[in-house]
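Peer 1: Sharing a sequence plus its predicted fold:
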Amino acid sequence: MELTAELGSKIINEARKLINENIIIVNTQAIIIASTDASRIGQFHEGAEKTIETNSVIVLTREHQKTMQGIKPGINLPITINQKVIGVIGITGNPTEITPFASLMKKMTELLIRESMYIQESEWESRALEVLFLDWIQLDSLPPDFLSRAEVLGIKHTSPLRCSLLYIHDNPESHQINDLKRWLDLTLDSTLIRWGNNRLLLLTEEKDQSKSKLYLHSQLTSFQTYARTHLHVKTSIGIGSTVDSNVIKSSYQNAVKALRVAMNSQAIIFYEDLLLEICLDDVDHHLKKEFINRIISPIQEEDQLLHTLKVFLENNLHLKNTAKELHIHINTLHYRLKRIEKLTNLNPKATYSIASFYSALYYLDEKTK
């Protein structure tokens, strides 16, 4: 562990809450890297050099100031982590007055550094897990050493396995993501990975497939409730298929498809419960584009009409519920639906048109994401 100027500044900010004296943080080269007196940063501190060499507390007086470079009267305390000196904290002032604070300052400093080390280790582990899974979800077969590599990172799951993707809406803050991760860690026996800015990737064992689906749905329903009521964030969850080997590529891909469907209604969607969407996903990209153009191009730039159509379909053609969600009068809704029919030549209440609109909107969502 190496002391940085950033960490030194953090230590000083916390130390000033306990003692109203000038403080310096010195690295192992005896260079001041942080100080309440900015003019001292970058200076050599001979007293700190001796503190590092002897691994002992050194009291500096005005007499020392005459013969030692870069010092002021006060106390120097070694900062030790795992019995190794990694720097010095110096408190400037009358040694008699500041000595009672010295031991407390040393302990507080070392606690802050250990906390920083823990955060760094957690961030390293998180990045390592993300890299591992980026490899894992692309593999069609596992190299011999892959599971050993996974075990080093604490992944000991055995097949069958299932991937789930959890999406947190509205640009969540870091503390909200951390709270959600903590809840999942405490509730589910799984591997959890931060997957971009607002997604989490969950890997679970499916030991008893007849029960695990119900159990997983129940736990993730509780997760959504916690997120909504305690953190005021909405979530959507796509759950992939179960795979009978440690190759999780297909489960991940299916979780992506399920999440895309779940996004519209903040729902929990299992891939195996999808029917129409499985067929829609197998359509060629160019045919999807042509289908969008044929069905909804007349209203594609009409944001109000497009949104009205989406909400109408999501509410299963229920006029009253649609109007309520859109915050409009039901007569306004009738007008918009007639406008959609006029522009597209498709009646939003007719079976064929409903299937066509649903498919086109599904492809449009896929395109924009």
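Peer 2: Looks like it arrived, so ask away.
Peer 1: Return stretch 156-171 as CSV; C-alpha atoms alone will do.
Peer 2: The C-alpha trace of stretch 156-171 is given here as CSV (Å, rounded to 0.1, in the frame of the first residue of the first chain):
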residue,chain,number,x,y,z
LYS,A,156,-17.8,-22.2,-7.1
HIS,A,157,-21.2,-22.7,-8.7
THR,A,158,-22.0,-25.9,-10.4
SER,A,159,-24.4,-26.5,-13.2
PRO,A,160,-27.3,-26.1,-13.9
LEU,A,161,-26.9,-22.3,-13.9
ARG,A,162,-29.1,-19.3,-14.7
CYS,A,163,-28.2,-15.7,-15.6
SER,A,164,-30.4,-12.8,-14.7
LEU,A,165,-30.1,-9.1,-15.7
LEU,A,166,-31.4,-6.4,-13.3
TYR,A,167,-31.9,-2.9,-14.7
ILE,A,168,-32.2,0.1,-12.5
HIS,A,169,-34.0,3.0,-14.1
ASP,A,170,-33.4,6.8,-14.0
ASN,A,171,-29.6,6.9,-13.5
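Peer 1: can you give me how far that stretch is from the chain middle?
Peer 2: Distance, stretch centre to chain centre, for stretch 156-171: 13 Å (Cα atoms, centre = their mean, to the nearest Å).
Peer 1: Buried residues, it. List them.
Peer 2: 157, 160-168 (16 or more other Cβ atoms under 10 Å). C-beta coordinates here come from the backbone N, C-alpha and C atoms, glycine included.
Peer 1: And stretch 301-313, by the same measure?
Peer 2: 302, 305-306, 308-313.
Peer 1: Any chance of a markdown table for these, columns pLDDT?
Peer 2: Converted to a markdown table, these look like this (pLDDT from 0 to 100):
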| residue | pLDDT |
| --- | --- |
| 302 | 91 |
| 305 | 94 |
| 306 | 93 |
| 308 | 95 |
| 309 | 94 |
| 310 | 92 |
| 311 | 93 |
| 312 | 94 |
| 313 | 92 |
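Peer 1: Can you flag which of the residues you listed belong to helices?
Peer 2: Residues of the buried residues of stretch 301-313 located in helices (DSSP state H): 305-306, 308-313.
Peer 1: Just the closest of the residues you listed to residue 292, please.
Peer 2: residue 306 (11.4 Å; Cβ to Cβ).
Peer 1: just checking, that closest one touches residue 300?
Peer 2: Yes - with contacts counted by Cβ atoms under 8 Å, residue 306 reaches residue 300, the gap being 6.7 Å.
Peer 1: any idea how far residue 81 is from residue 347?
Peer 2: Residue 347 is 72 Å from residue 81, where distance means Cβ to Cβ, to the nearest Å.
Peer 1: Pick out the least confidently modelled helix or strand of this structure, by mean pLDDT.
Peer 2: One helix or strand of the chain scores below all others by mean pLDDT, DSSP states H and E: helix 276-281, with a mean of 72.
Peer 1: tell me the angle of the helix or strand following that helix relative to helix 303-314?
Peer 2: Using DSSP states H and E, the helix or strand that follows helix 276-281 in sequence is helix 285-296. For helix 285-296 against helix 303-314, the angle by axes from the mean of the first three to the mean of the last three Cα atoms, to 10 degrees is 100 degrees.
Peer 1: before we move on, back to that, which one among the buried residues of stretch 156-171 gets closest to residue 8?
Peer 2: For those, with residue 8 as the reference and Cβ to Cβ as the criterion, the closest is residue 168, at 34.3 Å.
Peer 1: and the residue nearest to the closest one when sequence neighbours are not counted, what does it touch?
Peer 2: Once flanking residues are discounted, residue 168 sits nearest to residue 198: 4.6 Å by Cβ to Cβ, 6 or more residues apart in numbering. Shown in contact with residue 198 (Cβ atoms under 8 Å, 6 or more residues apart in numbering): 167-169, 171-172, 177.
Peer 1: Among those, which are located in helices?
Peer 2: Using DSSP H, these in helices are residue 177.
Peer 1: Redo the contacts of residue 198 as CSV? Include pLDDT and distance to residue 330.
Peer 2: Formatted as CSV, the contacts of residue 198 follow (pLDDT from 0 to 100; distance: Cβ to Cβ, whole Å):
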residue, pLDDT, distance to residue 330
167, 95, 32
168, 94, 34
169, 92, 28
171, 86, 34
172, 88, 35
177, 89, 40
